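Asks: structure for this input, please:
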Amino acid sequence: MKRIQHEEITQADAAKLWKLYQDVSNWKRWNHEIEESFLEGEFKTGSKGMLKPKGGPKTWFRLMEVRENKFFSDLTRLPFCKLEFRHELIPVSPGTRSYIS
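Replies: Sure thing, here's the model as predicted:
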């Protein structure tokens with residue numbers, strides 16, 4: 001299994017960053033690797049969405065666990081593999097650490 005991790009520290013608070021996460025249809029505005037995305041229903045555990053990466057096929061994902069202003073995890077199943085991501089918002093002074101694994 002391959003693991004990829006990335007983190008950024010920003011002066012924005014977790015609540016502001018969380019609003020960006022919840023707005024799945026506009027992920028492409030801040031993630032330039034995404035052409036299209038949407039979520040069916042609310043941003044909560046169990047919801048299903050679609051994401052199309054640039055140069056890639058449309059893929060369906062499911063929100064596996066959601067804790068408002070703290071983290072969410074999602075799962076995408078592809079032929080012969082699955083992708084699991086966890087997006088964490090960790091308060092630091094001043095601002096927030098965004099950690100993705």
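Asks: ok, and what's touching the helix or strand harbouring Phe85?
Replies: For Phe85, the element it lies in under DSSP states H and E is strand 81-91. Residues from elsewhere that reach strand 81-91, judged by CB atoms under 8 Å, 6 or more residues apart in numbering: 13-14, 17-18, 21, 64, 69-76, 96-101. Where C-beta positions appear, they are placed from N, C-alpha and C, glycine not excepted.
Asks: let's see the ChimeraX selection covering just the buried ones among the residues you listed.
Replies: Burial among those is assessed by 16 or more other CB atoms under 10 Å; the matching ChimeraX selection reads:
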select :14,17,18,21,71,72,73,74,76,96,98,99
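Asks: show me the contacts of strand 81-91 that map onto helices.
Replies: 14, 17-18, 21 (DSSP state H).
Asks: redo those as CSV? Include distance to Ile90 and pLDDT.
Replies: Formatted as CSV, these follow (distance: CB to CB, whole Å; pLDDT from 0 to 100):
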residue, distance to Ile90, pLDDT
Ala14, 8, 96
Leu17, 11, 97
Trp18, 12, 98
Tyr21, 14, 97
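Asks: contacting residues for the closest residue in space to Leu89 that isn't next to it in sequence?
Replies: Spatial nearest neighbour of Leu89, excluding adjacent residues (CB to CB, 6 or more residues apart in numbering): Ala14 at 4.2 Å. For Ala14, the residues meeting the contact criterion (CB under 8 Å, 6+ apart) are 69-70, 89, 91, 96.
Asks: what do you get for Phe43?
Replies: Contacts of Phe43 (CB under 8 Å, 6+ apart): 21-22, 24, 63, 66, 72.
Asks: 10 Å instead, please
Replies: For Phe43, the contacting residues are 18-19, 21-24, 49, 63, 66, 68, 72, taking CB atoms under 10 Å, 6 or more residues apart in numbering as the criterion.
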